[in-house]
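Participant: Attaching a predicted model along with its sequence, questions to come.
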Amino acid sequence: MKIRLILFDAGGTLTKVLPEREERLRKACIYFDLKPVPDEIVALQGLQTIERFFVGAIQEGRMIDRETIREGVILMLSSMGVAGRLDDPSLLWDFVETQYEFEVPMEGALKTLEVLKSQGYLLAVASNATPAYETTLRQLGISERVDAIFLSDAIGYAKPDYRFFKFILEKMKVAPEETVHVGNSYWHDVVGARRANILPIYFDRRNILTDTDIDCPRITCLHDLPNLFGQMAHR
């Protein structure tokens with residue numbers, strides 16, 4: 001397999017927000033008066049539970065709508081053994097997803113981009129975001145290390161819509177079979193890439209899943225990408 005273009009999701013893949021999700025989950029439990037407040041280990045277990053639930057639901061063909069999210073959040077809270085205000089758990093999920101202070105490069109992101117660029121790959125960001133997000137990518141040193149940035153609000157389509165990827169391929173003049181997409185969302189990144197006949201690579205930095213849980217290549221560290229692509233080139 002000859003790979004020419006590597007697409008990267010941004011948030012959760014090339015970047016991360018602080019505080020980390022475990023800490024934000026703990027703060028959300030305090031905010032909603034859910035007790036006992038989980039420690040970091042229990043919070044991580046809760047996040048693993050909900051991530052596995054969403055991946056399983058998608059593989060079963062279910063829609064990730066408000067009710068599915070509600071079901072996943074209830075399962076997550078139950079797995080952590082917390083109790084209290086659970087009448088509208090979707091509020092908790094919204095809180096966990098949005099309450100953060102600042103964004104930083106993911107561990108290994110900048111170095112990995114530099115290595116892949118030196119190996120001759122075309123690199124592009126493919127993210128569901130507004131055009132204003134390009135300022136963040138520039139401030140974090142990502143823009144200068146990729147060949148192009150594609151943001152959904154500027155394109156008019158968002159992952160997992162195959163037209164998002166089709167637009168990118170046309171602009172980059174690369175075929176689907178010459179492209180891979182790296183991302184941390186099974187729904188947006190794995191499903192979306194597959195709809196465009198692009199090979200997805202699932203970024204599982206918290207080691208939530210196992211290789212038997214997922215039906216595509218999986219990495220837990222961005223530093224693993226150059227070796228993975230080297231192996232693919234010799235198949």
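Facilitator: Cool, the structure landed.

Participant: list the contacts for V125?
Facilitator: Applying Cβ atoms under 8 Å, 6 or more residues apart in numbering to V125 gives the contacts 7-10, 14, 137, 142, 146, 148-151. The way it works is simple: take the backbone N, C-alpha and C, and place the C-beta from them, glycine included.

Participant: Just those residues: which are in helices?
Facilitator: L137 (DSSP state H).

Participant: closest to D161 among the contacts of V125?
Facilitator: Distance to D161 across the contacts of V125 (Cβ to Cβ) is lowest for F150, with 12.6 Å.

Participant: doesn't Y202 fall inside a strand?
Facilitator: Yes: assessed by DSSP: H, G, I helix; E, B strand; the rest coil, Y202 belongs to a strand.

Participant: what sits opposite it in the beta ladder?
Facilitator: Beta bridges link Y202 to G183, R218, judged by DSSP bridges.

Participant: is it true that it touches N184?
Facilitator: Yes: using Cβ atoms under 8 Å, Y202 is in contact with N184, at 7.4 Å.

Participant: just the strands in this protein please.
Facilitator: For the chain, applying DSSP state E gives strands covering 5-8, 15-18, 102-105, 122-127, 148-151, 179-183, 199-203, 218-219.

Participant: Would you reformat the ones you listed as a markdown table and include distance to G46 and mean pLDDT?
Facilitator: Shown next, in a markdown table, are the strands of the chain (distance: least, Cβ to Cβ, whole Å; pLDDT from 0 to 100):
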| stretch | distance to G46 | mean pLDDT |
| --- | --- | --- |
| strand 5-8 | 27 | 98 |
| strand 15-18 | 18 | 93 |
| strand 102-105 | 23 | 94 |
| strand 122-127 | 26 | 98 |
| strand 148-151 | 31 | 98 |
| strand 179-183 | 22 | 98 |
| strand 199-203 | 20 | 97 |
| strand 218-219 | 21 | 96 |
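
Participant: Let's have these in TSV, adding distance to L225.
Facilitator: Putting the strands of the chain into TSV (distance: least, Cβ to Cβ, whole Å) gives the following:
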stretch	distance to L225
strand 5-8	8
strand 15-18	16
strand 102-105	15
strand 122-127	11
strand 148-151	18
strand 179-183	7
strand 199-203	8
strand 218-219	6
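
Participant: so which of these comes closest to E71?
Facilitator: strand 199-203 (22.3 Å).

Participant: Neighbours of F53, how many?
Facilitator: Residues near F53, counting by other Cβ atoms under 10 Å, number 19.

Participant: quick one: contacts for it?
Facilitator: 71-72, 75-76.

Participant: now, among the residues you listed, which is nearest to A132?
Facilitator: Among the contacts of F53, and counting by Cβ to Cβ, the member closest to A132 is G72, at 29.6 Å.

Participant: what about stretch 74-92, start to end distance?
Facilitator: Distance between the two ends of stretch 74-92: 10 Å, counting by Cα to Cα, to the nearest Å.

Participant: which parts of it are buried?
Facilitator: Neighbour-count burial for stretch 74-92 flags 74-77, 79-80, 82, 89, 92 (criterion: 16 or more other Cβ atoms under 10 Å).

Participant: Stretch 203-221 now?
Facilitator: Across stretch 203-221, burial judged by 16+ other Cβ under 10 Å covers 203-205, 208-209, 213-214, 216-219.

Participant: Pull out the buried residues from the contacts of V125.
Facilitator: Buried subset of those (neighbour count, 16+ other Cβ under 10 Å): 7-10, 14, 137, 142, 146, 149-151.
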